[in-house]
Every structure is written in C-alpha cells, then in structure tokens.
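A.B. asks: structural data only, the sequence is not supplied:
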Ligand SMILES: NC(=O)C[C@H](N)C(=O)O
C-alpha cells in the first residue's frame, strides 16, 4: 500500500461555525477520519502545518508546505494538501515553482462546505485527491476539485459556491477524478509545469522519468543516459541526462503585487507602490492596453527604468496578452525590465515572479535581469 502524507492547512473543509463566522477548527487527523474509505486505498499520515482560512495564507506558508513535502519526500509516495479554496490557486502555483519536476504527485484540494456539513463536498474531494495521489501515472503539482484534475499553474477559482469551483485556464484539464478513479486526458503528459533554473520539465516528463517508459518521439537510449525523454524536452532546455529528480527551492521574494488597470486610474498610484514592491504583475485591458492618460504608462515605464520588474498580462481569463498589437501597449515591448506573461494565469505569474526574482537576486540585492528573463522564459 502506498503511503500518502496529508498536509493540513485549514480552509472551509476544516471550518466550523462557532459564533463569529466560519473558521478553521478541525485538525487534519479529524478530517481524514471523516473519510474511512481512504484507509482502504493507502496508508495515510497527517502533518498539520497551520490551520488558517486561506485568506491568511502567504508566500511564507507556501514555503512551509514545500518544506514539509521536501522533509517527507523520500518516505512518502504522494502528498495531499488540504487548503482553503480562496487562495488555493495561488498556493498551487507557488508550490509548482518550489517543487519542480516532481515524479511524485502533490495534490491540492479543499471544499466549498465544511466537512461537518451533511451536504459537504469535502469527503468526495479528499477521497478523489487521495486516489489521484496514489495513481501511478500522477506526477507534479496539481489541483483536484469537483471531479477535475488541473495543472498547478493553470487553476483559477471561478465560482464562490458551486462545487465545481475551479477551472483550468488556457490548458485542458489533466483529467477527471471520479468513482472509477482517475481518467487522464490524452494531453496530460504534455501539459506544462514550471521548469527549473537549468531547464523545464512537464509533469509528464517527470512521470516518464520515474517509470522509464518511452514517450513519443524519443526512446530510452544511451545518448539520454538511459532515461526516456519526451520529444521537445531537450529543445526546451530540459536536462536530458536524468534520472529525473525533484528540484526543491526555498526562497521567494514576496514583494510582488498585481495591479489591474481600470478606467480613470492615476499614475501616482503606481508611483506610490514603488517603495513597497520589487515587481508588479500588470493586468492590462484586453489583448494589451495600458492607459496613456494621467501618467499611467509613464509611471509604469519609469518603474521598469528604475531597475524594477513589470510582468505584463491581461485581465481577460482566456487567450493571453500580446502588447505588440495596439499602439496603447507597444511601449512595453522589448523594454528592459518588462516581461511578458503570455497566456499564464495571474496567479501563476505572481508566484513565478516571486520565485524568479528570488533566484535572480545577486548577493548585493540587485537583480540579474538576464537571469530573470531566462528563468521566466524557461517555464
Ligand atoms: N471554501 C473555502 O475554503 C473558503 C475559505 N474562506 C478559505 O479559503 O479558507
């Protein structure tokens, strides 16, 4: 039987009403005891790293969860993180950058209703997450919720009450989790997960490495150190001389904020953020528009010129940004300190920026922009 570590952090799943609003009250041990079926599919151990509404989860919390995964990595087969849904997508993204190319799955889940509520979705989600964590084909960081398995960098909370609270943005679901176990999508192996400083690995690549199976287009051969390498891995800079191993990181720069441009905004807001932040993830309008009035464009460009970082994205959930199309975005293209977010989610861009900034920081505290750009492009 596989050994799964349940890492409990709080959220609605652990919450109860004790007179001042729902708040975490149950421990991870108590939550697992609500789902006796779990004991039939695996051996479970529980680690309680905190017990908070995920509103209060911070990058320090992501580091604590990643550290627990690292500490127990060798003696467990998979990990289930019980988490509040409100910031679960941010934590999933954060963990995707802190625990890269993991052949073992790290599955985040939670619920919309407390475990103690008779109609709770917590039992189903916990059981689904455990079964995914036990699945031989599972690898990397993912969200399992409402019957879906979603890449850790593609999840977004899109519904505040419905049990299908999460969608995968701009990439297909990894698969469906249900009564018959996990049905992986054909594309699951190819879906991107964040890479590492020396390359980029998909969850599928990590899994291929663990199982030693040959992925399309490349066989296990001497040239590749006897480890099968999926096609496209080398082109993307993935270290092909396996064996595949997880890469753990333990630093983030939390001085990053998301700025959504809105009609009528004033560039002085951007100036005011400057002493407090090292980078901004900027949600432009549509395909890529930044207001030219009230000093907004100028304030943002000044920010980049002052050695800080801008990551440009869109406030539209689907299809990504391209700031080169409209005149109102072009000034941000090919500009030192300005990175393009493509079709990644804002949650993933925030986490990626925190991770990449920390890796690109020189001992004197300045940012190696070349390294930052390379890290950003590698995953
Ligand atoms: N459904 C939930 O878990 C919401 C809760 N406020 C949390 O994020 O912790």
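C.D. replies: Alright, I've got the coordinates. Since the structure is predicted, the reported quantities are computational estimates derived from the model, not experimental observations.

A.B. asks: tell me how many other residues crowd whichever residue of the stretch 1-150 of the chain sits closest to the ligand.
C.D. replies: Of all residues in the stretch 1-150 of the chain, residue 84 sits closest to the ligand, at 2.0 Å by C-beta to the nearest ligand atom. For glycine as for every other residue, the C-beta is placed from the backbone atoms N, C-alpha and C. Using other C-beta atoms under 10 Å, residue 84 has 24 other residues around it.

A.B. asks: helix, strand or coil: sort out the most centrally placed residue in the chain for me.
C.D. replies: Central residue of the chain (C-alpha atoms, centre = their mean): residue 93, 1.3 Å from the mean position. Assigned by DSSP: H, G, I helix; E, B strand; the rest coil, the conformation of residue 93 is helix.

A.B. asks: could you list the low-pLDDT ranges of the stretch 151-300 of the chain?
C.D. replies: When residues are selected by pLDDT under 70, those of the stretch 151-300 of the chain lie in 189-244.

A.B. asks: just the closest residue of it to the ligand, please.
C.D. replies: Among all residues of the stretch 151-300 of the chain, residue 165 sits closest to the ligand, at 7.4 Å; criterion: C-beta to the nearest ligand atom.

A.B. asks: with adjacent residues omitted, what lies nearest to that residue?
C.D. replies: residue 159 (4.8 Å; C-beta to C-beta, 6 or more residues apart in numbering).

A.B. asks: quick check: the one you found is in a helix.
C.D. replies: No: with three-state DSSP as the criterion, residue 159 is coil rather than part of a helix.

A.B. asks: my read: it touches residue 86, true?
C.D. replies: No: judged on C-beta atoms under 8 Å, residue 159 makes no contact with residue 86 at a distance of 11.7 Å.

A.B. asks: tell me which of those two has more neighbours.
C.D. replies: residue 86 (18 against 13).

A.B. asks: return the per-residue confidence for the closest residue to the more buried one other than its chain neighbours.
C.D. replies: Taking C-beta to C-beta, 6+ apart, and ignoring the residues beside it in sequence, residue 86 has residue 54 as its nearest neighbour in space, at 4.9 Å. pLDDT, residue 54: 98.

A.B. asks: in the stretch 51-200 of the chain, which spans are strands?
C.D. replies: Secondary structure of the stretch 51-200 of the chain (DSSP state E, counting those that start in this stretch): strands at 78-82, 99-100, 105-109, 140-145, 148-151, 155-157, 166-168, 175-178, 181-184.

A.B. asks: what's the average pLDDT for the shortest one?
C.D. replies: The one in question is strand 99-100. Across strand 99-100, pLDDT averages out at 94.

A.B. asks: how many other residues sit next to the one residue in the stretch 251-379 of the chain that gets nearest to the ligand?
C.D. replies: Per C-beta to the nearest ligand atom, residue 347 is where the stretch 251-379 of the chain lies closest to the ligand, at 13.6 Å. When neighbours are counted by other C-beta under 10 Å, residue 347 registers 25.

A.B. asks: that one and residue 117, how far apart?
C.D. replies: 27 Å (C-beta to C-beta, to the nearest Å).

A.B. asks: helix or strand: which one has residue 263?
C.D. replies: Using DSSP states H and E, residue 263 falls within no helix or strand.

A.B. asks: heads up, I number from 598, so please use that
C.D. replies: Okay, residue one is now 598; in that scheme the one you just asked about reads as residue 860.

A.B. asks: quickly find the element holding the closest residue to it other than its chain neighbours.
C.D. replies: Spatially, and ignoring its direct neighbours in sequence, residue 860 is nearest to residue 888 (7.7 Å; C-beta to C-beta, 6+ apart). According to DSSP H and E, residue 888 maps onto no helix or strand at all.

A.B. asks: I figured residue 888 hits residue 894, correct?
C.D. replies: Yes: applying C-beta under 8 Å, one finds residue 888 in contact with residue 894, separated by 6.8 Å.

A.B. asks: which residues of the stretch 598-747 of the chain lie near the ligand?
C.D. replies: 608-609, 650-652, 681-683, 707, 709 (C-beta under 6 Å from any ligand atom).

A.B. asks: measure stretch 889-908 end to end?
C.D. replies: Distance across stretch 889-908, first residue to last, is 18 Å (C-alpha to C-alpha, to the nearest Å).

A.B. asks: how close does residue 842 get to residue 689?
C.D. replies: Counting by C-beta to C-beta, the gap from residue 842 to residue 689 is 21 Å.

A.B. asks: okay, these two: which has more neighbours?
C.D. replies: residue 689 (30 against 13).

A.B. asks: ok, and the closest non-adjacent residue to that one?
C.D. replies: Nearest non-adjacent residue to residue 689, counting by C-beta to C-beta, 6+ apart: residue 749, 4.1 Å away.

A.B. asks: contacts only, for that neighbour.
C.D. replies: By C-beta atoms under 8 Å, 6 or more residues apart in numbering, residue 749 lies in contact with 689-690, 692-693, 703, 705, 737-740, 790.

A.B. asks: state the pair within these that is farthest apart.
C.D. replies: 705 and 790 (13.6 Å; C-beta to C-beta).
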